[in-house]
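Novice: Just a sequence and a predicted model for now, questions to come.
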Amino acid sequence: MKKFVNDPRQFVAEMLKGVALANPDTLRYVPAYNLIMRADAPRDDKVSVIQGSGSGHEPAHVMIVGKGMLDAACPGDVFAAPPMDYVLETSKLLATPKGVLHLINNYTGDRMAFDMGKEMAEAEGVRIETVLVDDDVAVADSTFTIGRRGVAGNFFVIKVVGAAAEAGADIDDLVRLGNKVNSVTRTMGMALTSCTPPAKGSPLFELGDDEMEIGVGIHGEPGRRREKLADANTIIDELLEAVVTDLPYERGDDVALMINGLGGTPISELYLLYGRAHEQLAARGINVRRNYVGDYCTSLDMAGASLTLVKLDDEIVKGLAAPAEIAIRTF
Amino acid sequence: MKKFVNDPRQFVAEMLKGVALANPDTLRYVPAYNLIMRADAPRDDKVSVIQGSGSGHEPAHVMIVGKGMLDAACPGDVFAAPPMDYVLETSKLLATPKGVLHLINNYTGDRMAFDMGKEMAEAEGVRIETVLVDDDVAVADSTFTIGRRGVAGNFFVIKVVGAAAEAGADIDDLVRLGNKVNSVTRTMGMALTSCTPPAKGSPLFELGDDEMEIGVGIHGEPGRRREKLADANTIIDELLEAVVTDLPYERGDDVALMINGLGGTPISELYLLYGRAHEQLAARGINVRRNYVGDYCTSLDMAGASLTLVKLDDEIVKGLAAPAEIAIRTF
Amino acid sequence: MTGNPMAQAEFVVRTIAQTAVANEKYFGDLDAVVGDGDFGYSLARGFEVVLADWDTFDRTDVATFLRKIAVVITSKVGGTSGPLWGTAFLRAATTAAASPDLTGGTVVTMLRAAAEGIQARGSASLGDKTLLDALIPATDEIARQLELGSDAPTTIRAAATVARTSADATAGLEARRGRASYTGERSIGSVDPGAVAVAVIFEALADAWPTAS
Amino acid sequence: MTGNPMAQAEFVVRTIAQTAVANEKYFGDLDAVVGDGDFGYSLARGFEVVLADWDTFDRTDVATFLRKIAVVITSKVGGTSGPLWGTAFLRAATTAAASPDLTGGTVVTMLRAAAEGIQARGSASLGDKTLLDALIPATDEIARQLELGSDAPTTIRAAATVARTSADATAGLEARRGRASYTGERSIGSVDPGAVAVAVIFEALADAWPTAS
Ligand SMILES: Nc1ncnc2c1ncn2[C@@H]1O[C@H](COP(=O)(O)OP(=O)(O)O)[C@@H](O)[C@H]1O
Ligand SMILES: Nc1ncnc2c1ncn2[C@@H]1O[C@H](COP(=O)(O)OP(=O)(O)O)[C@@H](O)[C@H]1O
Ligand SMILES: [Mg+2]
Ligand SMILES: [Mg+2]
Ligand SMILES: [Mg+2]
Ligand SMILES: [Mg+2]
């Protein structure tokens, strides 16, 4: 296993310790619940916004806790939703008179943990509302499954909701805003390689030298189909077609475009993909007004990328443009 | 080859196009010289600071062009110093009455290209000064070789010099400052895997499943020695020992600590390494006052990391803390 | 294995816990095929705590004991399995509270309550390719053996056989719940890890029963 | 291959260029062993431009022609090789300007000038494991063959043989210049890509000579 790891069972705890040590003034770390929270939270004058989900998606979500973003994140182990009591304790710790907002990626495990945690926290008097994120177009929204997955698009929901929460918005308005952003956000991802969970020690699936997986999620689960490896333009065109036609995004639309790396892809390649995507959107008459290139929501060390579009309006742009300060930063 | 690439010969050009399209207001792209420059450069009231080097180290250097950092970068092809005329034309385009500062990582190819480019630009009336970066402790500073390599530590030289240039410092002062930062900066890197240049299409070297390379540079060249793969703490302790004892950094020193990813390592692992390094420095009585965790200077898709220390004084801290705006950003 | 209901409950829970810990890698590898590979890890970490804290659980009665186990599972197991298995133990505990004697009939009722809890919590039905596809048939088989008048070892062995056959048969199903469902038709051809875990647990119970009784 | 100096210069340059392009992968793989693998790529991209622009170069005289080639190499080849090979062509051009007849003696002087240019530009000496370790012995051999009164084909073949032997012998050296030097003792055991390139070029010249002459 080519990873920086000591005891695999301590992987998440040791990573969180690093995040905490790197941000002593702004973050607080509660090891018992894998909890990273703003040092200044909870604040009576704002709703606390929290995210759960499994680990392995860094910087989501523990590294995007901060001013104008999340108030706390309480991840489970790698690719495992947090146990219910993490959610419960986090909700209680972050409780404010204005309430606690749960942002949940739409997965069975996460939903159950947050449902149960919410019920128990409410029993102790915490006001909680929920926004589900389900931006992944790779999963057909069939009535037979739990529905679409939440993937890299959750960044935009967090950013816009986080900005509004910072500005003092009420919880009902945050729910409306979060649902609105989610409703105009679509993502499609693909993998060039599998990923290796520390505890497993070997790749989750095998991919031939000339193969790729189209429509992967962010947990190393295989995608919708395996294809022959193609060049970058062909790949990005396929992701773009799936995303654009889904909402659909139309001629004249203003959008935010994200090229998200899955953890093992260098930023040089992401910008190469960005260039193609930007040009192809322009050719469709769709205007990229804001762009995001980098690792936002990863699948451990997977080489691969996802493409996200958000249809913009003034309210969403305002939230995206608002200042924010998080653990990961360049300077 | 598990990379996002079309024609490998267009890899750098297509990446640069992406960077330019993503930053239309702040950057200008001159394809003929692989040149990414600030849209507002050159400015009569400031020295222009430029970097060359090969490509494959992104975000260094094309993605760290911007306010308070570089005024321009003109990379060569992957791992190849820029041809001399890139340096010449970039120097001429960026010429200002206050002069042009060449920041050069200490490699034969880069030095020759910049030497020749400088000579020819000076013949056309451009004032040019040079600062060499050579922070890599893996290379013994032998009189038989060209000396130490410039690696991830170049970020700190650029940051401090860039801030001072932005504030209007004269070129002689920038040279002094650059040399000073370089003189207190040390780096040591290691690789878990090799990297794959797009034009080669296969890894530069083969590393067994249970092996790692200690003392690698940033061009996929093998390191000083191959060792049996160790756990994260053992690795970071070895890097730290080499770096700390070299300057040496001593009890009571204030330092900046960078854990730099080499391109294929997820940020979760980098923070795990950061936590250990921070604690071990504290145990030595060395105070981490500023920290940097992420991909700053990569070797394509190599899984690996380097550790950099900078000994801080008030002047360096001022430069590091100054605001800057570059192409890569989260929001 | 007659008489003392608490000893019986302890035996079953301990066997489940030991089986979960012993099969961490196996269950994880099964989950890696079309899932995300964490099933074995999640289950093992939770049941490790059960074993570590074994002596501390309140043993006032079977219901209390099972409720304590449920709390550990629910609070220490992440992923989908924590809430599902926690709910199963909790529902079984509630049934045990109503009929503390732990007859064969009570056991069937407890297992049905557990399955219903999982169904409710995960909105899954028989045939969705989940652990229910082993648990429900095995429970039905226990009920059938009790009607036939079989003794405990015969009953549990028959349940194990049905659980295994049913778990194997999940290979033919398309996943409709859990991480595996995202792969759609590609989930056909591999067995469901949760169902296999149920089969392995029943087999371990059948294997251990004579010595324990 | 007698008489017209321009035809001779064109033949040599074209052969070098074609050899560089044809061996891109081979040279690159050699550079990957202890270097960074870009040597073949850098050389091929530059000489590709030489071939593409072939008809446009000013052919007023050999010196002018070689100077144009030098400009292309210096401005289009990156890495260490651009400045080194560009300098070599430039110095050869300067020598040719002084003795436009291109006798055997002139060729030796041109090659010595080229080697000195490389030495000066790269601060490398014989034995540092660079292309000089093939270029200098091969030049010496040409001088020796001229003294012996050998004809051109014999001379160039002898030079090729020496270049190859010398290139092979670089495997025993520790690199003191270029990227390979950072690996220290680990560079021992593999040949220097630049030296091999020189050998392959001399061999190509020897192979092509009869047909061209
Ligand atoms: N909605 C559900 N209802 C019932 N059982 C489920 C459901 N989703 C998953 N399972 C069961 O859980 C197992 C996977 O557990 P686990 O790996 O912990 O979940 P996750 O998908 O969150 O990683 C599956 O093999 C299946 O038997
Ligand atoms: N300082 C030097 N002087 C002379 N020749 C050198 C020097 N450094 C490298 N070389 C030659 O250049 C070759 C490598 O060229 P190239 O791959 O373009 O350089 P880089 O190390 O910049 O990638 C080596 O095989 C060697 O023959
Ligand atoms: Mg999981
Ligand atoms: Mg090179
Ligand atoms: Mg799983
Ligand atoms: Mg090279």
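Specialist: Structure's in. What do you need? Ligands and ions are numbered 1, 2, ... in the order given.
Novice: Could you use CA atoms for every contact and neighbour count after this?
Specialist: Will do.
Novice: Can you tell me the closest non-neighbouring residue to A:Leu94?
Specialist: Nearest non-adjacent residue to A:Leu94, counting by C-alpha to C-alpha, 6 or more residues apart in numbering or on different chains: A:Pro42, 5.0 Å away.
Novice: What separation do you get for that neighbour and chain B?
Specialist: 24 Å (C-alpha to the nearest C-alpha, to the nearest Å).
Novice: what's the answer for A:Ala81, then?
Specialist: Taking C-alpha to the nearest C-alpha, one finds A:Ala81 at 17 Å from chain B.
Novice: How many neighbouring residues does that residue have?
Specialist: 33 (other C-alpha atoms under 10 Å in any protein chain shown).
Novice: Looks like it contacts A:Asn105 (just checking).
Specialist: No. Using C-alpha atoms under 8 Å as the test, A:Ala81 is too far from A:Asn105 to be in contact (9.9 Å).
Novice: before we move on, the earlier item: three-state assignment of the residue nearest to A:Leu94?
Specialist: Secondary structure, DSSP: H, G, I helix; E, B strand; the rest coil: A:Pro42 is coil.
Novice: In contact with it, which residues are there?
Specialist: A:Pro42 makes contact with A:48, A:71, A:93-96 under the criterion C-alpha atoms under 8 Å, 6 or more residues apart in numbering or on different chains.
Novice: 10 Å instead?
Specialist: Shown in contact with A:Pro42 (C-alpha atoms under 10 Å, 6 or more residues apart in numbering or on different chains): A:48-49, A:71-72, A:92-97, A:99-100.
Novice: A:Met69 too?
Specialist: Counted by C-alpha under 10 Å, 6+ apart, A:Met69 has contacts A:38, A:48-50, A:61, A:155-166, A:323-326.
Novice: go on, C:Phe57?
Specialist: C:50, C:64-69.
Novice: Please pick the buried ones from the contacts of A:Pro42.
Specialist: A:48-49, A:71-72, A:92, A:94-96, A:99-100 (16 or more other C-alpha atoms under 10 Å in any protein chain shown).
Novice: just checking, which of those belong to helices?
Specialist: In this view, the buried ones among the contacts of A:Pro42 that belong to helices under DSSP state H are A:Lys92.
Novice: would you turn the buried ones among the contacts of A:Pro42 into a markdown table with pLDDT and distance to B:Val131?
Specialist: Putting the buried ones among the contacts of A:Pro42 into a markdown table (pLDDT from 0 to 100; distance: C-alpha to C-alpha, whole Å) gives the following:
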| residue | pLDDT | distance to B:Val131 |
| --- | --- | --- |
| A:Ser48 | 98 | 48 |
| A:Val49 | 98 | 47 |
| A:Asp71 | 98 | 43 |
| A:Ala72 | 98 | 44 |
| A:Lys92 | 98 | 55 |
| A:Leu94 | 98 | 50 |
| A:Ala95 | 98 | 54 |
| A:Thr96 | 98 | 54 |
| A:Gly99 | 98 | 55 |
| A:Val100 | 98 | 53 |
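Novice: Which members of the buried ones among the contacts of A:Pro42 are positioned in strands?
Specialist: If you go by DSSP state E, the buried ones among the contacts of A:Pro42 have A:48-49, A:72, A:100 in strands.
Novice: Let me know the closest of these to ligand 2.
Specialist: A:Ala72 (47.0 Å; C-alpha to the nearest ligand atom).
Novice: Give me the neighbour count for the spatially closest residue to that closest one that is not a sequence neighbour.
Specialist: In this structure, A:Ala72 finds its nearest non-sequential neighbour in A:Met37, 4.0 Å apart by C-alpha to C-alpha, 6+ apart. Using other C-alpha under 10 Å, the number of residues around A:Met37 comes to 27.
Novice: where does chain C have low pLDDT?
Specialist: Within chain C, the segments meeting pLDDT under 70 span C:1-3, C:210-213.
Novice: Spell out which parts of it neighbour ligand 5.
Specialist: For chain C, the contact set with ligand 5 under C-alpha under 5 Å from the ion comprises C:36, C:38-39.
Novice: quick check, whichever strand or helix holds A:Lys180 touching chain B?
Specialist: Using DSSP states H and E, A:Lys180 sits in helix A:171-183. No. For helix A:171-183, no contact with chain B is found by C-alpha under 10 Å from any C-alpha of the partner chain; the gap never falls below 16.0 Å.
Novice: Which strands or helices does that helix pack on?
Specialist: strand A:48-51, strand A:100-105, strand A:128-133, helix A:154-166, strand A:304-311, helix A:314-321 (3 or more C-alpha pairs under 10 Å, 6 or more residues apart in numbering or on different chains; DSSP states H and E).
Novice: Kindly state which of these is positioned closest to B:Glu206.
Specialist: Proximity to B:Glu206, assessed across the helices and strands packed on helix A:171-183 by C-alpha to C-alpha, is greatest for strand A:304-311 (22.2 Å).
Novice: check whether that closest one contacts chain C.
Specialist: No. Applying C-alpha under 10 Å from any C-alpha, one finds strand A:304-311 separated from chain C by no less than 16.3 Å.
Novice: Tell me which residues of that strand come out buried.
Specialist: Applying 16+ other C-alpha under 10 Å to strand A:304-311 flags A:304-311 as buried.
Novice: Please tabulate those residues in a markdown table, including the columns pLDDT.
Specialist: What follows is the buried residues of strand A:304-311, written out as a markdown table (pLDDT from 0 to 100):
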| residue | pLDDT |
| --- | --- |
| A:Gly304 | 98 |
| A:Ala305 | 98 |
| A:Ser306 | 98 |
| A:Leu307 | 98 |
| A:Thr308 | 98 |
| A:Leu309 | 98 |
| A:Val310 | 98 |
| A:Lys311 | 98 |
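Novice: Considering the ones in strands among the buried ones among the contacts of A:Pro42, which is situated nearest to D:Ser123?
Specialist: A:Ala72 (57.6 Å).
Novice: how about C:Ala138, what does it touch?
Specialist: C:108, C:111, C:132, C:144, C:155-156, C:158-166, C:198-199, C:202.
Novice: Point out the ones among these that are inside helices.
Specialist: Per DSSP H, the contacts of C:Ala138 map to helices at C:108, C:111, C:132, C:144, C:155-156, C:158-166, C:198-199, C:202.
Novice: and chain B, which of those reach it?
Specialist: Okay, of these, nothing touches chain B (C-alpha under 10 Å from any C-alpha).
Novice: Need the buried ones from those residues selected in PyMOL.
Specialist: In PyMOL, a selection of the buried entries from the ones in helices among the contacts of C:Ala138 looks like this (16+ other C-alpha under 10 Å):
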select buried, chain C and resi 108+111+132+155+156+158+159+160+161+162+163+164+165+166+198+199+202
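Novice: Relative to D:Ile136, which of the buried ones among the contacts of A:Pro42 is nearest.
Specialist: A:Ala72 (67.9 Å).
Novice: Thank you kindly, that will do.
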